[in-house]
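**Student:** What follows is a protein structure lacking sequence information:
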């Protein structure tokens, strides 16, 4: 493959690369948000359980 073919392939494939990178970023942020929500729910249930024990 010469350089013209490589550049042509890159020009055709850049939306796919950009979409993959965007997907990875979105999934990583979503994973972090889910972990935070799990911790908040755990704290909320611990608080509710401690109030109910009184």
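**Tutor:** Arrived safely. Everything numeric here is computed off the predicted structure, so don't read it as measured data.
**Student:** tell me which element the residue nearest the centre of the chain falls in.
**Tutor:** Centroid-nearest residue in the chain, with CA atoms, centre = their mean: residue 27, separated by 1.8 Å. Taking DSSP states H and E as the criterion, residue 27 maps to helix 3-53.
**Student:** And the pLDDT for residue 47?
**Tutor:** Predicted confidence (pLDDT) for residue 47: 96.
**Student:** Next, count neighbours for it.
**Tutor:** For residue 47, the count of nearby residues is 10 (other CB atoms under 10 Å). Heads up, the C-betas are built off the backbone N, CA and C, glycines and all.
**Student:** Could you do residue 32 as well?
**Tutor:** 10.
**Student:** Let's see the pLDDT reported for it.
**Tutor:** 96.
**Student:** what stretches of this protein score poorly on pLDDT?
**Tutor:** Applying pLDDT under 70 to the chain picks out no residues at all.
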